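**Student:** Show me the folded form of this:
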Amino acid sequence: MTVSRVQSLTLAMAGVAMLAPSAPPAPSEPATAPPAPLPPAAAPQPVTAPVMSPPAVAPPAVPVPPVLPPVTAPPVTAPSTPAASGTAPAPRTEPGARRADAVSAADLLARVRTCTPVSRGRYRKDQGAKATVPVCGTRGAVFWKADMDIDCDGRPGPRCNSGTDPYFSASTAYAQSDGRPLSSEETPYVVVPAPSDVWNHRSHGVRGGSVVAVVYRDRVRYAVVGDTGPADIIGEASYATAESLGIDPDPRGGGTSSGVTYIVFEDSRVTPIEDHDAAVTEGKRLARRFVDDAG
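**Tutor:** Okay, the predicted model is just below:
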């Protein structure tokens, strides 16, 4: 049976195959991943040189001068020299006397150059002297040119009292606002003759407190009518008036023998009578009007 033989042969060969040693398996190579494709090379970029801006050039510095503080010249003060015995003191400066529009001594003297007498006679400068001084009148004022004797009368003080003045009187014809007599040392005042047949000051608008411009050399000082004197003598003023003009105010031997002009502005008055600043202010106003009214 042919088929059976074939089967037997097949089975025999299969058994031989199974008995034969099996060859070791060939080592397997590790799987290697294909290399990644390289990225395409980047196209070279054109190299551009940086644009350099020119350096900023600062404008030349302008030197600025330093700001200096204003330089104020120190006031020039004349050296003080002790006054020699018997010499006149330096004149005191009136309030506001340095104003550019102040009336000068020359202005006033030019206005009273000529005299139209309003007195019926003349006055003596001193007791026993010849009567040579008239009272003159002009528009807005009366005036006279005489000497200056020192009237130390009034409220006593260290310079004006019975010990310094043998003719001292503790009263004045016109009192200050508190009823006390004027102080010759403190208040610049002028003495007018007591009313008489020669001249009555009241009839020309002159009274206590009337404003007076007193001129001596190149100086003008303002005072008030503050006292009355003998009916036949003219040319007296207070200690303060003389001192302000640079005239020796000593009641015993001071004063001056000539060169003083007294201009009394008619119908003027300072109240209170002792207010010297008011007298100066009003005096300047009246003096300016008096000079400007010369025509």
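
**Student:** what are the ranges of the helices in the stretch 151-295 of the chain?
**Tutor:** Ranges of helices in the stretch 151-295 of the chain, per DSSP state H, counting those that start in this stretch, are 239-245, 276-292.

**Student:** shaky segments in this protein?
**Tutor:** 1-100, 295 (pLDDT under 70).

**Student:** Do a quick rundown of the strands in it.
**Tutor:** Shown for the chain, the strands assigned by DSSP state E span residues 136-138, 141-151, 189-193, 211-216, 219-229, 236-238, 256-265.

**Student:** I would like the residues contacting the fourth one, please.
**Tutor:** It stands for strand 211-216. With contact meaning C-beta atoms under 8 Å, 6 or more residues apart in numbering, strand 211-216 is reached by 103, 105, 108-109, 148, 188, 190, 220-225, 237, 241, 245-247, 256, 259-265, 268-270, 279, 282-283, 286-287. For the C-beta atoms, the positions are set from N, CA and C on the backbone; glycine is no exception.

**Student:** Relative to that strand, what are the paired strands and their orientations?
**Tutor:** Here strand 211-216 has these sheet partners by DSSP bridges: strand 219-229 (antiparallel), strand 256-265 (antiparallel).

**Student:** do the second one as well
**Tutor:** In the sheet containing strand 141-151, its partner strands are strand 136-138 (antiparallel), strand 236-238 (parallel), strand 256-265 (antiparallel), by DSSP bridges.

**Student:** Which stretch among the strands paired with strand 211-216 is buried most, on average?
**Tutor:** strand 219-229 (a mean of 25; mean count of other C-beta atoms under 10 Å).

**Student:** Next one: the residue nearest to Pro117 when sequence neighbours are not counted from Val291, what distance?
**Tutor:** Spatial nearest neighbour of Pro117, chain neighbours left out: Pro134 (4.3 Å); criterion: C-beta to C-beta, 6 or more residues apart in numbering. Distance from Pro134 to Val291, counting by C-beta to C-beta, to the nearest Å: 22 Å.

**Student:** quick one: which of the two has more around it?
**Tutor:** With neighbours defined as other C-beta atoms under 10 Å, Pro134 and Val291 compare such that Pro134 has more, 21 against 14.

**Student:** The more buried one and Thr116 touch, don't they?
**Tutor:** No. Judged on C-beta atoms under 8 Å, Pro134 makes no contact with Thr116 at a distance of 9.3 Å.

**Student:** closest one to Pro158 among the strands paired with strand 141-151?
**Tutor:** With C-beta to C-beta, the closest approach to Pro158 among these belongs to strand 236-238: 14.9 Å.

**Student:** what does that closest one contact?
**Tutor:** Around strand 236-238, the neighbours that count as contacts under C-beta under 8 Å, 6+ apart are 148-152, 154, 182, 184-185, 187-191, 214, 223, 226-227, 229, 260.

**Student:** before we move on, back to that, between the strands paired with strand 141-151, which one is closest to Gly205.
**Tutor:** Closest to Gly205 of the strands paired with strand 141-151 is strand 256-265 (C-beta to C-beta; 8.5 Å).

**Student:** Please tell me how far the residue nearest to Ala231 when sequence neighbours are not counted sits from Ser171.
**Tutor:** Distances taken as C-beta to C-beta, 6+ apart place Ser196 nearest to Ala231, at 4.0 Å, with adjacent residues excluded. According to C-beta to C-beta, Ser196 and Ser171 sit 20 Å apart.

**Student:** Same check on Ile150?
**Tutor:** Distance of Ile150 to Ser171, computed by C-beta to C-beta: 17 Å.

**Student:** So for the two, which residue has more residues nearby?
**Tutor:** Set side by side, Ile150 and Ser171 show more neighbours around Ile150, with 26 against 13, by other C-beta under 10 Å.

**Student:** What residues does that one make contact with?
**Tutor:** Asp165, Glu236, Ala237, Ser238, Tyr239, Ala242, Pro249, Asp250, Pro251, Gly254, Gly255.

**Student:** I'd like these written out as JSON lines, with distance to Lys125 and neighbour count added.
**Tutor:** Output for those, formatted as JSON lines (distance: C-beta to C-beta, whole Å; neighbours: other C-beta atoms under 10 Å):
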{"residue": "Asp165", "distance to Lys125": "19", "neighbour count": "20"}
{"residue": "Glu236", "distance to Lys125": "10", "neighbour count": "26"}
{"residue": "Ala237", "distance to Lys125": "13", "neighbour count": "31"}
{"residue": "Ser238", "distance to Lys125": "17", "neighbour count": "30"}
{"residue": "Tyr239", "distance to Lys125": "19", "neighbour count": "28"}
{"residue": "Ala242", "distance to Lys125": "15", "neighbour count": "32"}
{"residue": "Pro249", "distance to Lys125": "18", "neighbour count": "25"}
{"residue": "Asp250", "distance to Lys125": "18", "neighbour count": "18"}
{"residue": "Pro251", "distance to Lys125": "16", "neighbour count": "23"}
{"residue": "Gly254", "distance to Lys125": "15", "neighbour count": "19"}
{"residue": "Gly255", "distance to Lys125": "10", "neighbour count": "22"}
